[in-house]
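Novice: Model the following, please.
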Amino acid sequence: MEKSLHSNALLLQRLFSSLDRRDDKTMAACYHSKATFEDIAFKLEGKQQIHDMWRMICAGDIRATFEVVHADDETGRVRVVDEYTFSDTGRKVRNVIDSRFKFKDHLVLEHCDTCDPREWAAMAMGGVSGFVAGRVAPLRRFKARRKLQKFVERHPATP
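Specialist: This next block holds a predicted model:
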């Protein structure tokens, strides 16, 4: 007899399958209105900020493979490999990510991604700028925040 997946495992499958299809609207629907997201570049609060980030990411050539490692009523964990072209430099990136989640009302309340920032920056930027960005978190966050702000100004959300 096949074991059925927990509803939050199905939620995480929907989230990352949608990322691979570059479907930001379905991704946004996976988040609670008071959700938070944090990774090596972003620290976002609220579903709209998170959706804006996914809209920006999905506008590129991202592909995602993933494995739901764990999901229960309260927490989840996914191993993700994102492959994409970093738009600022045109360099190819293969980013291995450990994604951790907390759930509320069958939606993602907290999403925290970790990866090796030095490895990411070396792939995405290279050279001196990659060396610095891989070691200075405030610089990564400043650049990411500015990039997202410019994207949102150029591509306003549609209802």
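
Novice: Just give me the neighbour total for the residue nearest to Cys115 when sequence neighbours are not counted.
Specialist: Once flanking residues are discounted, Cys115 sits nearest to Ile97: 4.8 Å by Cβ to Cβ, 6 or more residues apart in numbering. Every C-beta, even on glycine, is put in place using the N, C-alpha and C of the backbone. Ile97 has 18 neighbours, counted by other Cβ atoms under 10 Å.

Novice: Would you mind finding the longest strand in the protein?
Specialist: Secondary structure assigned by DSSP state E gives strand 91-104 as the longest strand of the chain.

Novice: hmm, back to that, the residue nearest to Cys115 and Asp113 touch, don't they?
Specialist: Yes - between Ile97 and Asp113 a contact is recorded at 5.0 Å, counting by Cβ atoms under 8 Å.

Novice: between the two, what contacts are shared?
Specialist: Asp39, Val80 (Cβ atoms under 8 Å, 6 or more residues apart in numbering).

Novice: Identify the residues contacting Glu38.
Specialist: Leu44, His111, Cys112, Asp113.

Novice: Apply 10 Å and report the result again.
Specialist: Leu44, Glu45, Arg100, Glu110, His111, Cys112, Asp113, Thr114, Arg141 (Cβ atoms under 10 Å, 6 or more residues apart in numbering).

Novice: three-state assignment of the fourth one?
Specialist: Which is Glu110. Here Glu110 is recorded as strand under DSSP: H, G, I helix; E, B strand; the rest coil.

Novice: from what I can see it touches Phe103, true?
Specialist: Yes - with contact defined as Cβ atoms under 10 Å, Glu110 counts as touching Phe103 (8.4 Å).

Novice: Look at the two and report which has more neighbours.
Specialist: Using other Cβ under 10 Å as the criterion, Glu110 and Phe103 rank with Phe103 on top: 21 against 18.
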